[in-house]
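Enquirer: Turn this into a model:
(2 chains)
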Number of protein chains: 2
Amino acid sequence: MINTTRFLENLHRLRSFGAHGTGVIRRAYSEPDLASRDWLASQMAAAGLRPHFDAMGNLFGLADQPSLLLGSHSDSQPTGGWLDGALGVIAALEIAQTAQENGGPAISVVSFQDEEGRFGVTTGSSVWSGQVSQEKADGLTDSDGVTLAEARQALGSRAQERVDPSQFTGFIELHIEQGPTLDASGQQIGVVSDIVGIRDRVVTLSGQQNHAGTTPMALRRDAFQGLTAFNALLNARLRNVVTPQSVWTIGHVSVSPNASSIVPGQVRFSMQWRDGDPERLMRMEKVIDETLHEVASAHGLEIELGPLLGLEPVEMDNALRVRLETGAEAVAPGQWRRMPSGALHDATNVARLMPVAMLFVPSIDGISHAFEEDTDEADLVAGLRVLAHAAGVGI
Amino acid sequence: MINTTRFLENLHRLRSFGAHGTGVIRRAYSEPDLASRDWLASQMAAAGLRPHFDAMGNLFGLADQPSLLLGSHSDSQPTGGWLDGALGVIAALEIAQTAQENGGPAISVVSFQDEEGRFGVTTGSSVWSGQVSQEKADGLTDSDGVTLAEARQALGSRAQERVDPSQFTGFIELHIEQGPTLDASGQQIGVVSDIVGIRDRVVTLSGQQNHAGTTPMALRRDAFQGLTAFNALLNARLRNVVTPQSVWTIGHVSVSPNASSIVPGQVRFSMQWRDGDPERLMRMEKVIDETLHEVASAHGLEIELGPLLGLEPVEMDNALRVRLETGAEAVAPGQWRRMPSGALHDATNVARLMPVAMLFVPSIDGISHAFEEDTDEADLVAGLRVLAHAAGVGI
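Expert: Numbering: from 1, shown residues only, chains lettered A, B, ... in the order given. As a prediction, this is how the structure comes out:
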């Protein structure tokens, strides 16, 4: 039987590393991060697992036979919530501990490093899965200019060789939803169908900087007006190709010279879109590109496109997903749904190596990446039970 | 006879103070600014005028009897053009010099300080005219936090008492157009009919910051989307109330938190509009306000309005304007037009004290507030001639 008291105690113990108000500041390779991993390693050992850090600082608790891998990440955002990643790691630990007490099945545990992207993004699992080479990752810098190579020296003698993924039969990650869907619907569990693909590019529109008093409207080539026209037309045009789950966002805008008396000569902005269907991602890209060129032409603006960055959608493994759905119906009958993950997770990378699946519990008010992030205890426990059920461990 | 060679030499001599490529860096109270004013003072003395700095550093060259005041400003933008303000000062100097050689009429010369608004805007003439008190102006800070009170200490013993405006019969300012109208039409002279009024306010729209991957479009309150919707609707609605000379500009935009993966929770932007008709300014304000509230309501956003700043339109004095038009037709027959000034000038403030008028020469490609600012020599000389004609000095 899983021990929910022990589970909640460990969750709050992990919270104490880098605690800040109701949240945590526990960035990858920081002192609280390393201290929390050392504590996790001791808990893994107590659960009969062999603790093992790789060169990135991903911490595994390894069973001594082929096993199911459970876990998430324990590094946090600069101003992080207490459950983001931590939930999946402690739930995995609890299930591994229970499995040991029951004499099986074989469960391994992982806490990936730098999922939150102090360097790159989902960096620890990215290197482990081969998505990016250690060499390339080492050149990444954080916002203060520190390189990953420098930062991971803090691991010292902990760092060992790479863990062979072939010992795992699959990976299941429990995570908070970080969105409003479950909370708004009053449901307790989300079984993830797929992790959406993402496309990201920086666009620069260039017109003509001018005096805002002396330049008649008819003679302006206002780059910001170009952006707003593009935005309005895009919203209308995308409605023909998207579903209610598709998202697109202009999150970063930089106007130049950005003065109230000067007609904007240039604007640089981020265009991001996400969808679970690779074909729809491409159709959205086409609409975005055509609309951009149409508006730029009409407004006399030049376009400069940054590289198109992105990740493909990742489908969850059928067999693992069905195990989660069975568990969800057992634990929270009628109180669960199938849903996409709009956010990237370590599971995105691990899918390159083995079958993966994910499940969600609600985020209160959809809040994450903030100290206020929280989830009702009953929902945390429900998530643990569903995960345990899917892992073949008594609930 | 005005001496065009001497005029152009002096124009290029002034250009040498703070010269930077084809432009100038000669900010108010900087070393090049003070050096140039000392040189101007010596030139004024050579023209038989009494040089006089007031407490702001406005430099006057005073005739010894009631006189017509001519001039402009000689401080520059952070990256300034060589003619902006300088043209009017050197033209005034040339006309005063010629008047002395001719035995009359009585001409005084002025180079106002900080027209470019290192502190406030048109600051020197603003204080002289009483538009703002010395005490209030002294509290203004530049973008580095230096106060005007601190900066004008650089004047040292130059600073004397206020100049009595009652000694002047009027003020005429020659200036580059800083816009594309004359250049586009191939005309040489613009006689200003009025200086447009201006309204300026900062608007903040607040929605809900959110994860750009996990927040469905239907549940977003994206503040930047609110701005673009407002912008589009505003452009459509204003067309019912404006003329081809009306202008409106969103020049400054600040998105928060301004990250590509975060739905913007807040946007702060500047809304500026200009027109020569005070009633139209008010109608535009009404449209802007109604549209803002309508869009904010539809998008679930909150509005915060900064104070409404502005200046009223200023009509040019009829008698002085007619003198300029007569001069324009004499010097550049059929090659001049009557037009509004879309930019503020020192004349805006001086109009509180005496009759004022302005005239323009073309700006090549409409460029100003940039090192590339320029005007054909023939047009510079034409402007000088028209000003001389209006001042009653032989051309």
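Enquirer: give the contact list for A:T123.
Expert: With contact taken as C-beta atoms under 8 Å, 6 or more residues apart in numbering or on different chains, A:T123 is in contact with A:A28, A:M56, A:Q113, A:D114, A:E115, A:G117, A:V132, A:A137, A:L140, A:L148. All C-beta atoms are positioned from the backbone trio N, CA, C, and that covers glycine.
Enquirer: Which helix or strand contains the second one?
Expert: Assigning secondary structure by DSSP states H and E places A:M56 outside every helix and strand.
Enquirer: That one is in contact with A:V132, isn't it?
Expert: No - because the distance of 10.6 Å does not satisfy C-beta atoms under 8 Å, A:M56 is recorded as not touching A:V132.
Enquirer: what about the two, which has more around it?
Expert: For the pair A:M56 and A:V132, the greater number of neighbours falls to A:M56 (25 against 17), based on other C-beta atoms under 10 Å in any protein chain shown.
Enquirer: Can you tell me the closest non-neighbouring residue to the residue of chain A positioned farthest from its centre?
Expert: Largest separation from the mean C-alpha position in chain A: A:T214, at 48.6 Å (C-alpha atoms, centre = their mean). Counting by C-beta to C-beta, 6 or more residues apart in numbering or on different chains, B:G179 is the residue found nearest to A:T214 once chain neighbours are left out, at 2.9 Å.
Enquirer: helix, strand or coil for that neighbour?
Expert: Going by DSSP: H, G, I helix; E, B strand; the rest coil, the secondary structure assigned to B:G179 is coil.
Enquirer: isn't it right up against B:S363?
Expert: Yes - under the criterion of C-beta under 8 Å, B:G179 is in contact with B:S363, at a separation of 6.5 Å.
Enquirer: pLDDT wise, what is the closest residue to chain B within the stretch 201-350 of chain A at?
Expert: Among residues of the stretch 201-350 of chain A, the one nearest chain B by C-beta to the nearest C-beta turns out to be A:T214. It sits 2.9 Å away. Predicted confidence (pLDDT) for A:T214: 92.
Enquirer: what about the longest helix seen in chain A, distance to the chain center?
Expert: For chain A, the helix that runs over the most residues, judged by DSSP state H, is helix A:278-299. Computed by C-alpha atoms, centre = their mean, to the nearest Å, the chain-centroid distance of helix A:278-299 equals 27 Å.
Enquirer: could I get the following helix or strand past that helix in CSV with only the CA atoms?
Expert: Scanning the chain past helix A:278-299 towards its C-terminal end, the next helix or strand to appear is strand A:302-305 (assignment: DSSP H and E). Included here for strand A:302-305 are C-alpha records, laid out as CSV according to Å, rounded to 0.1, in the frame of the first residue of the first chain:
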residue,chain,number,x,y,z
GLU,A,302,10.5,44.5,-45.1
ILE,A,303,10.5,41.2,-43.3
GLU,A,304,13.4,39.5,-41.6
LEU,A,305,12.7,36.0,-40.3
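Enquirer: wait, does the very next helix or strand once past strand A:302-305 contact chain B?
Expert: The first helix or strand that comes after strand A:302-305 along the chain, using DSSP H and E, is strand A:309-311. No - legend: contact between strand A:309-311 and chain B by C-beta under 8 Å from any C-beta of the partner chain is lacking; minimum distance shown is 9.8 Å.
Enquirer: distance between strand A:309-311 and the chain's centre?
Expert: For strand A:309-311, the distance between its averaged C-alpha position and the chain's averaged C-alpha position is 13 Å (C-alpha atoms, centre = their mean).
Enquirer: Same check on stretch A:175-188?
Expert: How far stretch A:175-188 lies from its chain's middle: 16 Å, per C-alpha atoms, centre = their mean.
Enquirer: again with stretch A:39-46
Expert: Relative to its parent chain, stretch A:39-46 has a centroid offset of 25 Å by C-alpha atoms, centre = their mean.
Enquirer: Identify each buried residue in it, please.
Expert: Neighbour counts using 16 or more other C-beta atoms under 10 Å in any protein chain shown place A:W39, A:L40, A:A41, A:Q43, A:M44 of stretch A:39-46 among the buried residues.
Enquirer: helix or strand right after the helix or strand containing A:Q100?
Expert: With the criterion set as DSSP H and E, the secondary-structure element containing A:Q100 is helix A:86-102. On the C-terminal side of helix A:86-102, the closest following helix or strand by DSSP H and E is strand A:107-112.
Enquirer: which strands and helices sit next to that next one?
Expert: Counting contacts by 3 or more C-beta pairs under 8 Å, 6 or more residues apart in numbering or on different chains; DSSP states H and E, strand A:107-112 packs against helix A:31-46, strand A:59-62, strand A:67-73, helix A:86-102, helix A:123-128.
Enquirer: can you redo those as CSV with mean pLDDT?
Expert: As requested, these are exported to CSV (pLDDT from 0 to 100):
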stretch, mean pLDDT
helix A:31-46, 98
strand A:59-62, 98
strand A:67-73, 98
helix A:86-102, 97
helix A:123-128, 96
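Enquirer: and the stretch 51-200 of chain A, which residues reach chain B?
Expert: Within the stretch 51-200 of chain A, the positions lying close to chain B (C-beta under 8 Å from any C-beta) are A:E177, A:Q178, A:G179, A:P180, A:T181, A:A184, A:V196, A:I198, A:D200.
Enquirer: What subset of the residues you listed is buried?
Expert: The neighbour-count criterion (16+ other C-beta under 10 Å) marks A:E177, A:Q178, A:G179, A:P180, A:T181, A:V196, A:I198, A:D200 among these as buried.
Enquirer: just to revisit the earlier point, with pLDDT as added columns, please give the residues of the stretch 51-200 of chain A next to chain B in a markdown table.
Expert: Supplementary listing: those in a markdown table, determined by pLDDT from 0 to 100:
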| residue | pLDDT |
| --- | --- |
| A:E177 | 97 |
| A:Q178 | 94 |
| A:G179 | 93 |
| A:P180 | 93 |
| A:T181 | 94 |
| A:A184 | 94 |
| A:V196 | 95 |
| A:I198 | 93 |
| A:D200 | 91 |
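Enquirer: In those, find the pair that's most separated.
Expert: Greatest spatial distance among these (C-beta to C-beta): A:A184 and A:D200, at 26.6 Å.
Enquirer: is it true that A:V121 touches A:A343?
Expert: No - under the criterion of C-beta under 8 Å, A:V121 makes no contact with A:A343, lying 10.9 Å away.
Enquirer: Lovely, talk soon.
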